[in-house]
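Chemist: sequence unknown, structure follows:
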């Protein structure tokens, strides 16, 4: 049956137009019930044949009770298409969760297309609102099910809408509220999952324990969207995302494009019930109320707890301020931030700055919420001193592990069982009369302090999907065992490169190997160099469940003790992994290069390779580290005449013509005199001629006369040296040395163009294989082998970026690194000036040269400066080439006008997209249709950036967790370097462990507790001059784990 469906919509120009679309109705749509006796055409999935009640949900139940619906106790549910459509339009996150339920074969959620069934479709009546029409459609569908299935089953409409329920009952439809239905299940713990309607909300005065005289409006009323829209258009209001300071919940900022600056929001009252991540409308305060970033110090959690007792109003916002305005490493701790002025000033512990300081930053208050960022939060409960309510419900305050989130009040019937647990709570509402938002319990994660529990918290807090892959996803994989087929070898799109000597170099224990290299000397004196990348797109096809899952996950996530894969393990560790001695499919970029690393030609091809070796960075480095270079290892452990010689590399060049067993005595070269021979230890010292040799002096051990008189141990050492020579001069070692030589030239050329060589405090743990507890912790060591691999991966990424952009200038996925602003570089410049350095930041080249010239009193000084420079950088992001102009494509850190990610498709979905673009540019495949949809590509890019950042944050949180575990039983003293000065202490970096944290300065009870901060000199000293500390200075600290607040352990650093 054909009907016309008419509706009105507003165009971008603001005109209202009427559209008419054809709407087809059928009478053969399956009802989903296996016991249906009315001849419905059976399809899959279907409802349960063991349940005697079918639930029909209205839209608001789905929107508000999704946590309850995800519980296994709720099943045999009909999801009407009208409900699905409404939910999609109102909350895409809930919609995705509902679709997941409907597609889960273990759950019985059946989608019924009521809008396309001739007996359940309803047309809007004159004067009927869309909401009322949809409610009527839901009732009609429920009634149809009731009549269609008859007495075989009962149909129950679940709604919290009193009017809808009333009409349903009048129409002969069974209807219940969510709470009544849940109570009938006999599982009291499910009641904690229910989001209470506002009318049934708990009494605010009781929960907050306020006297009637204290009941007052705490927060301003939010403006309606009509006023917000008008204010934004007139420039009276400013829109942006609210970012709460990670370590000071009373300070936030809103990045505003309309004023080209960040708007500082001081105090909870001015935040006006906005959560971190909310899109908000902000009204600027009068300029006389603007404030610069001050230096009030939140000394510790005790001070923070005291601060919570007082919620400042607009006029009081001067009292609440904290750290840097950027939500990253700059927000280090509770310590106060640097100020803009250079004048020294005196601050008592915990007091505010002098009032005569001039305001400098735009300051405002939130007047409306444009889009909420509420989601589920992890934390623990803080019981409230009041009796349980009706039905044994107790009131409690939920304390999130994320300090940016305010406490959330909930009701629970499980208080006794939850006090020592990590739980998940969702926010439901926040009334302007309530100090805290209201939420509900979702589920228990596990025992507080348990490593697995805390790791799951890390994943949940960073929105990392660690669920097992679904059956639909796994069904997309080829069966195991898998091997390269004859069709692969004869496929004209694929080149057989199995004859090449290919090897991979990765971290130790790496199983998901997605890149490998080869280097072959050519007859013309040049080199053929290849980067071979796992051909993931041969197995991950567009539009499949596997591709959809990878697109959503975006990236693999690396925690200290585990890896959460973007793709299933059969792909990552076997089918796609470029393991040694196994034929695998690859996508290759191959260059011809001169010995000076000049590129003569570049080609791209799908390929088949067979890796000769899967080396770790350490193993590759050992091969490249032959200290005698072309003289080989035999000349390092060398028998010359009567002596065993152990030498550095270049020191042996004078002996190069001698055979190992030559009778020629080394004494003729060394010319030692008798005074240099130690008969007691049977060793000989070198003469002046050897001491002057380049490469350092050689050491001779065990001088025992003629060769035949050598001990067995020395003969064994000699024979071992010969054996090792035969291994280290093999072709793979030669290839690695050639690759390393080329990489060094390429790296230097990149640096000469302005690429930055920065540093980061990357931490490495040694983990017990049985208990998974950390056994040791230290800084991750970067070797030449790491840099060699990195250089060729960078070159391949640049080459692919150039290729795909040439063919697809509008829809290429690229990666850019915006240049840092002057304000972002200010902390680095201030620190450099304080230690007598002059940094030129006018370009990446100028900054790179300045960093190279930064020499201090110790070897670690330069690395510290580079670590500080890293923190001033913006974050690199993915983008669609059609969204920006070419000058904005620049990757500042690499000094490259074009860049993308091609080399890690096993662990990054961005690389999967780029592989498809490259294949299309070579005419191998047609470009998938999604590449014609720029808004969709932009959405994919945004998700990739979101997932990439979350993966980074999860990795850091995992490091923090294992750091706490490691030091919990290992308090220690060590040296640290000061990297930031604050008004009541400083931030230190611990080189031995790669850890950073605050050190608080206290008065220790004397009268000289005031501290003077000199911003220009970056020093803090006692007023009487007895103690002084400066940036980049060395201090000795004590490190131990403490728990100043229940269930919030932290690593405390104190001066020794």
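Modeler: Now that the structure is in, tell me what you want to look at. Predicted, not measured: the structure shown is a model, and the values here were computed from it.

Chemist: what about residue 538, how many neighbours?
Modeler: 18 (other C-beta atoms under 10 Å). Where you see a C-beta, it was placed from the backbone N, CA and C, and this is true even at glycine.

Chemist: and it, how far from residue 790?
Modeler: Counting by C-beta to C-beta, to the nearest Å, the gap from residue 538 to residue 790 is 26 Å.

Chemist: ditto for residue 487
Modeler: Where residue 790 is concerned, residue 487 sits at a distance of 35 Å (C-beta to C-beta).

Chemist: the more surrounded of those two?
Modeler: Set residue 487 next to residue 790 and count neighbours by other C-beta under 10 Å: residue 790 wins out with 14 against 8.

Chemist: A strand includes that one, no?
Modeler: No: counting by DSSP: H, G, I helix; E, B strand; the rest coil, residue 790 falls outside a strand, being helix.

Chemist: show me this protein divided up by domain.
Modeler: Using automatic domain parsing, the domain parsing of the chain gives 31-195, 207-216+374-448, 225-371, 633-728, 792-963, 966-1055.

Chemist: and these: which comes nearest residue 454?
Modeler: Using C-beta to C-beta as the measure, domain 792-963 is the one of these that comes nearest residue 454, at 5.3 Å.

Chemist: just give me how far the closest one sits from the chain centre.
Modeler: 14 Å (C-alpha atoms, centre = their mean, to the nearest Å).

Chemist: rounded mean pLDDT for it, please.
Modeler: The average pLDDT within domain 792-963 is 91.

Chemist: cool, and stretch 993-1013?
Modeler: Average pLDDT, stretch 993-1013: 71.

Chemist: what's the end-to-end length of that stretch?
Modeler: Length of stretch 993-1013, first residue to last, C-alpha to C-alpha, to the nearest Å: 28 Å.

Chemist: wait, a strand at residue 395?
Modeler: Yes: the assignment for residue 395 by three-state DSSP puts it in a strand.

Chemist: check it and give its pLDDT.
Modeler: 86.

Chemist: so it touches residue 409, yeah?
Modeler: Yes: contact criterion C-beta atoms under 8 Å: residue 395 and residue 409 qualify, at 6.6 Å.

Chemist: hey, where'd the strands end up in the stretch 701-850 of the chain?
Modeler: Ranges of strands within the stretch 701-850 of the chain are 763-767, 774-779, 813-816, based on DSSP state E, counting those that start in this stretch.

Chemist: just name the most buried of those.
Modeler: With neighbours taken as mean count of other C-beta atoms under 10 Å, those reach their highest mean count in strand 813-816, at a mean of 24.

Chemist: and the domains of the chain: which comes nearest residue 464?
Modeler: Evaluated over the domains of the chain, closeness to residue 464 peaks at domain 792-963, with 5.4 Å, by C-beta to C-beta.

Chemist: what about the closest one, how long is it end to end?
Modeler: Counting by C-alpha to C-alpha, the terminal residues of domain 792-963 are separated by 33 Å.

Chemist: what's the answer for stretch 755-773, then?
Modeler: Start-to-end, stretch 755-773 (C-alpha to C-alpha) is 39 Å.

Chemist: returning to that earlier point: quick one: the strands of the stretch 701-850 of the chain as a markdown table, columns for distance to residue 164 too.
Modeler: Converted to a markdown table, the strands of the stretch 701-850 of the chain look like this (distance: least, C-beta to C-beta, whole Å):
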| stretch | distance to residue 164 |
| --- | --- |
| strand 763-767 | 56 |
| strand 774-779 | 56 |
| strand 813-816 | 46 |
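
Chemist: and these: which comes nearest residue 239?
Modeler: So among these, strand 813-816 is nearest, using C-beta to C-beta, at 24.0 Å.

Chemist: neighbouring contacts of the closest one?
Modeler: Residues from elsewhere that reach strand 813-816, judged by C-beta atoms under 8 Å, 6 or more residues apart in numbering: 801, 805, 876-881, 884, 888-891, 898-901, 910, 913-914, 917, 937, 940-941.

Chemist: try stretch 882-889
Modeler: Stretch 882-889 is contacted from outside by 809-811, 814, 816, 818, 881, 897-899, 934, 937-938, using C-beta under 8 Å, 6+ apart.

Chemist: of these, buried ones?
Modeler: Those of these that meet the buried threshold are 811, 814, 816, 881, 898, 899, 937, by 16 or more other C-beta atoms under 10 Å.

Chemist: where does the stretch 1-150 of the chain have low pLDDT?
Modeler: Along the stretch 1-150 of the chain, the model assigns pLDDT under 70 to residues 1-23, 39, 41-45, 51.

Chemist: could you pull out the helices for the stretch 751-900 of the chain?
Modeler: Assigned by DSSP state H, counting those that start in this stretch, the stretch 751-900 of the chain shows helices spanning 784-807, 822-834, 844-852, 861-870.

Chemist: which elements pack onto the third one?
Modeler: Going back to what we said before, that points to helix 844-852. Here helix 844-852 is seen to pack against helix 861-870 when contacts are counted using 3 or more C-beta pairs under 8 Å, 6 or more residues apart in numbering; DSSP states H and E.

Chemist: for the first one, same thing?
Modeler: Contacts defined by 3+ C-beta pairs under 8 Å, 6+ apart place helix 784-807 against strand 502-506, strand 515-521, strand 527-534, strand 583-593, strand 599-616, helix 617-624, helix 731-753, helix 909-921.

Chemist: pLDDT on the longest one, on average?
Modeler: Pointing back at helix 731-753 there. 92.

Chemist: can you list contacts of it?
Modeler: With C-beta under 8 Å, 6+ apart as the criterion, helix 731-753 contacts 501, 503, 505, 517-521, 527, 529, 593, 595-597, 612-613, 620, 623-624, 626, 727, 757, 784-785, 787-788, 791-792, 794-795, 845, 848, 894-895.

Chemist: sort out which of those residues are buried, if you could.
Modeler: Among the contacts of helix 731-753, those classed as buried by neighbour count (16+ other C-beta under 10 Å) are 501, 503, 505, 517-520, 527, 529, 593, 597, 612-613, 620, 623-624, 626, 784-785, 788, 791-792, 794-795, 845, 848, 894-895.

Chemist: list the neighbouring strands of the helix or strand containing residue 1020 plus their orientation.
Modeler: Assigned by DSSP states H and E, residue 1020 falls within strand 1019-1022. Counting by DSSP bridges, the strands paired with strand 1019-1022 are strand 1011-1014 (antiparallel), strand 1028-1030 (antiparallel).

Chemist: how about it: buried residues?
Modeler: Residues of strand 1019-1022 classed as buried: 1019, 1020, 1021, 1022 (neighbour count, 16+ other C-beta under 10 Å).

Chemist: with stretch 231-243 instead?
Modeler: In stretch 231-243, counting by 16+ other C-beta under 10 Å, buried: 231, 232, 237, 238, 239, 240, 241, 242, 243.
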